[in-house]
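>>> Predicted coordinates and the sequence they were generated for:
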Amino acid sequence: MTAIIDYGVGNLFSLESSLRAVGEEACVTSDPAVIRSADRIILPGVGAFGDAAAKLADTGLISVIRDCAERGVPLLGICLGMQLLLERGYEYGVHDGLGLIKGEIRPISEVIERGLKIPHIGWNSLSFPENKSPLFKYVNEGEHVYFVHSFSAQGTPSAIAHTDYGGRVVAAVGEGNILGCQFHPEKSGRVGLNILRAFCEMGGAK
Amino acid sequence: MITKRIIPCLDVRDGRVVKGVNFEGLSDVSSPVELGRYYSECGADELVFYDITASHERRALFTDVLREVASTIFIPLTVGGGINSLDDFDRVLKCGADKVSVNSGAIKNPNLIYDAAKRYGDQCVVLSVDAKRVGDSYRVFARGGREDTGLDAIEWIRRGVDMGAGEIVLNSIDTDGVRRGFDIEMLRAVTAVVDVPVIASGGAGSAEDFVRLFCELPDVDAGLAASIFHFGEVKISELKALLAEAGIPVRI
């Protein structure tokens, strides 16, 4: 079972449906007991970094997520959920993230050419390093996924996929069982479902 | 490189897809769920649903359909029609919409754009504008193109972006339903003043119209159409192949 953490932000309906579509039992929850018993955890999120970090803190679930992460439970952050995995975010002020992945969330304008539209909205292609993460085992270089963001991961040694938007933009991060996608796999058609399928094949350790 | 998006638009009334010519003479075409699945499988990059009777009646029918579409199709969904308040945003987002398109509701209450952008993020707020030539200017029309608001379209769009709209759908009433191509001139005037994605709507009659759109206006991010897709006159897969041949980046 995969627990989708509900902390009052984001479109969880599509995410839940997409997991069902790949044959995974999904549970949208803010119950610490359910999260602790999950085989895998997804941290979703849309909106602004600071608001979301505060809401997540309010739920009291941060320590639960940390415990699970330390036990090796696969954790996938999506979009803002990925951003929260890093150390800090610079959206409307400076806010602490979970610090599970090294690096910061800074305006995408700092890494792309001037004059490009922001947010970076739409379908863009993925490129992978030589030792491709198992998260992308069903995805080919150059396949497209759906992005919507104005901030991006920067200064991270843990990038596992990039995309090109007038500059090299981190598309996904990973460090062992801690994974994150800047794009929305639940909105990326067949390619996105294949990424979720690969995630759901990970772990299983309680 | 980011690709140009091809977006079928489904006008929905009482849970069924309809399409008007110049917004008149609506006729039932098909089921939103069936059409949605079909489009998703053949390469549509996004779907737009306009609930054209939402402001008055049978809202539940629409949200039921939306929920069903969102649980079977995993591409972005934009929903519009009868969006007048943050509660309306909430209602459709909970049913699986990713973006919400505001039109008349924002004209009545421009702060809706600001409030929604603040709560859900700019990326969630699409400002949809029905515009028509009146004299030397482009004028904003409300209520499905029936009512001249007196607003200058370029000024209104600029203001909407300033208040937080993350995308603009520009529907030219002058070319809508005529099927002789998008309104390049009007679109050029809009892309010149905004730096958020602009989606062209109104007038597509053939695959070549999309090629012309993206070749002449590289700043346009997406092309939206309804009837040419619904009646199968243009297949999205063939359209994308044609665009790729013309050197336009698309997701195949």
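Nice, thanks for sending it over. Numbering: from 1, shown residues only, chains lettered A, B, ... in the order given.

>>> What's the local residue count around residue B:119?
Number of residues near residue B:119 (other Cβ atoms under 10 Å in any protein chain shown) recorded here: 16. For every residue, glycine as well, the C-beta is placed using N, CA and C.

>>> Leaving out chain neighbours, which residue sits closest to it?
Spatial nearest neighbour of residue B:119, excluding adjacent residues (Cβ to Cβ, 6 or more residues apart in numbering or on different chains): residue B:86 at 6.4 Å.

>>> Hmm, that neighbour is touching residue B:114, no?
No. No contact is recorded between residue B:86 and residue B:114 when judged using Cβ atoms under 8 Å, the distance being 10.9 Å.

>>> and the longest strand anywhere in chain A, which strands flank it?
Among the elements of type strand in chain A, defined by DSSP state E, the one spanning the most residues is strand A:168-175. Looking at strand A:168-175 with DSSP bridges, its partner strands are strand A:159-164 (antiparallel), strand A:178-181 (antiparallel).

>>> Of these, which is nearest residue B:74?
Counting by Cβ to Cβ, residue B:74 lies closest to strand A:178-181 out of the strands paired with strand A:168-175; the figure is 13.8 Å.

>>> ok now the helix or strand just after the closest one, how far from the chain's centre?
Tracing the chain C-terminally past strand A:178-181 and defining elements by DSSP states H and E, one meets helix A:189-200 next. Here the centre of helix A:189-200 is set off from its chain's centre by 13 Å, with Cα atoms, centre = their mean, to the nearest Å.

>>> Now name the helix or strand holding residue B:139.
Secondary structure (DSSP H and E) places residue B:139 in strand B:137-142.

>>> Now tell me what touches that strand from outside.
For strand B:137-142, the surrounding residues in contact (Cβ atoms under 8 Å, 6 or more residues apart in numbering or on different chains) are B:103-104, B:107, B:129-133, B:147-154, B:156, B:173, B:186, B:189.

>>> what are the pairing partners of that strand, and which direction each?
The pairing partners recorded for strand B:137-142 under DSSP bridges are strand B:125-134 (antiparallel), strand B:147-152 (antiparallel).

>>> any idea how far residue A:201 is from residue A:12?
If you measure residue A:201 against residue A:12 using Cβ to Cβ, to the nearest Å, the figure is 22 Å.

>>> again, but for residue B:171
Distance of residue B:171 to residue A:12, computed by Cβ to Cβ: 31 Å.

>>> For chain A, which segments count as strands?
Secondary structure of chain A, counting by DSSP E: strands at A:2-5, A:26-29, A:40-43, A:75-78, A:88-89, A:95-96, A:104-107, A:120-125, A:144-149, A:151-154, A:159-164, A:168-175, A:178-181.

>>> dump the residue contacts of the residue nearest the centre of chain B.
Centroid-nearest residue in chain B, with Cα atoms, centre = their mean: residue B:169, separated by 5.2 Å. With contact set as Cβ under 8 Å, 6+ apart, residue B:169 has these partners: B:48, B:101, B:126, B:127, B:128, B:129, B:199, B:201, B:224.

>>> now residue A:136
Residues in contact with residue A:136 (Cβ under 8 Å, 6+ apart) are A:126, A:128, A:160, A:161, A:172, A:195, A:198.

>>> where along the stretch 1-150 of chain B do the strands fall?
Remark: strands assigned in the stretch 1-150 of chain B by DSSP state E, counting those that start in this stretch are B:5-13, B:16-18, B:28-30, B:47-51, B:77-80, B:99-102, B:125-134, B:137-142, B:147-152.

>>> With respect to residue B:163, which of the ones you listed lies nearest?
strand B:125-134 (8.7 Å).

>>> Convert the C-alpha atoms of the closest one to PDB, please.
Backbone C-alpha positions of strand B:125-134 (Å, rounded to 0.1, in the frame of the first residue of the first chain) are rendered in PDB as follows:
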ATOM      1  CA  VAL B 125      -5.400  30.300 -12.800                       C
ATOM      2  CA  VAL B 126      -6.200  30.500 -16.500                       C
ATOM      3  CA  LEU B 127      -7.700  33.800 -17.800                       C
ATOM      4  CA  SER B 128      -9.900  33.000 -20.700                       C
ATOM      5  CA  VAL B 129     -10.900  35.900 -22.900                       C
ATOM      6  CA  ASP B 130     -13.500  36.100 -25.600                       C
ATOM      7  CA  ALA B 131     -12.500  39.000 -27.800                       C
ATOM      8  CA  LYS B 132     -13.800  40.700 -30.800                       C
ATOM      9  CA  ARG B 133     -12.900  43.600 -33.100                       C
ATOM     10  CA  VAL B 134     -14.900  46.700 -32.300                       C
END
